[in-house]
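> Next come a sequence and a model predicted from it.
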Amino acid sequence: MVRDSIRVEYPAWVEKGVDWQRRYATDEEKMGLAIELSRLNVQHQTGEPFGAAVFRSDSGQLVAVGMSQVALGHNSVLHAEVVAIMMAEQRLQVYNLRVAGQPHELISSCDPCAMCLGATHWSAVTRLVCGAAREDAQRIGFDEGPVFPESYTYLAERGVEIVRGVLREQASAVIQAYGTGGGLIHNLVKI
Ligand SMILES: [Zn+2]
């Protein structure tokens, strides 16, 4: 009998690249970490130019980070946001972040794709903060899939505060550099 399993873990650079003790007060500080994760992920050749992090909203405590590991992990769903959410829930031993007892927020270096917006919904975070715009990712060929204005409205109507465009230029610069460098565009679908 074949017994399959999947292992998701942080690249080795996370140990030195992330300060778990620091408190993050502002959206800009939190986004700065997400962008740094996206940059380090490319620099260390462990994935695509996207970073994310989950924080406790009340204290600014960093709970988990995420980085795109699609190519490295042979896994089309290992986007930065999904990795951050999975790691946060694993660390807190909860099946979503609402049952953790405190409000949590997801910071992503780029507007989430269709899957990650879905994962954001199921994670029950109460805030979503985005950096680069979908157009910035599309410019080098990354597709977000079926994301519509209604997708954001749906989340907002269910109590998720959404902030977009935080440090957009810095976040986009990492993505553009990846494109200029000939990085793999994993979800480029030819029609
Ligand atoms: Zn995604």
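Yep, that arrived.
> and the longest helix seen in the chain, what other elements does it pack with?
In the chain, with assignment by DSSP state H, the single longest helix is helix 27-43. Counting contacts by 3 or more CB pairs under 8 Å, 6 or more residues apart in numbering; DSSP states H and E, helix 27-43 packs against helix 14-17, strand 51-56, strand 62-67, helix 80-92, strand 104-110, strand 127-132, helix 168-180. For every residue, glycine as well, the C-beta is placed using N, CA and C.
> give the contact list for Lys30.
The contact partners of Lys30, by CB atoms under 8 Å, 6 or more residues apart in numbering, come to 24, 53, 55, 60, 105, 107, 129.
> Surely the third one touches Gln102?
No - the pair Phe55 / Gln102 is not scored as a contact, 10.3 Å apart, by CB atoms under 8 Å.
> between the two, who's got more neighbours?
Legend: neighbour count by other CB atoms under 10 Å for Phe55 and Gln102, higher for Phe55 (27 against 14).
> and this protein, which residues reach the ion?
Residues of the chain lying close to the ion (CB under 5 Å from the ion) are 79, 113, 115-116.
> Sort out for me which of those are in helices.
Judged by DSSP H, helices contain the following of the residues of the chain next to the ion: 115-116.
> now the residues of the chain next to the ion in CSV, with pLDDT and neighbour count?
Converted to CSV, the residues of the chain next to the ion look like this (pLDDT from 0 to 100; neighbours: other CB atoms under 10 Å):
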residue, pLDDT, neighbour count
His79, 97, 28
Cys113, 97, 23
Met115, 97, 18
Cys116, 98, 28
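> now, which of the residues of the chain next to the ion sits nearest Gly145?
Nearest to Gly145 among the residues of the chain next to the ion is Cys113, at 5.2 Å by CB to CB.
> May I have the phi/psi pair for the closest one?
Torsion angles at Cys113 (phi, psi; degrees, to the nearest 10) stand at phi -80, psi -180.
> what does Val163 give?
With angles defined as degrees, to the nearest 10, Val163 sits at phi -120, psi 130.
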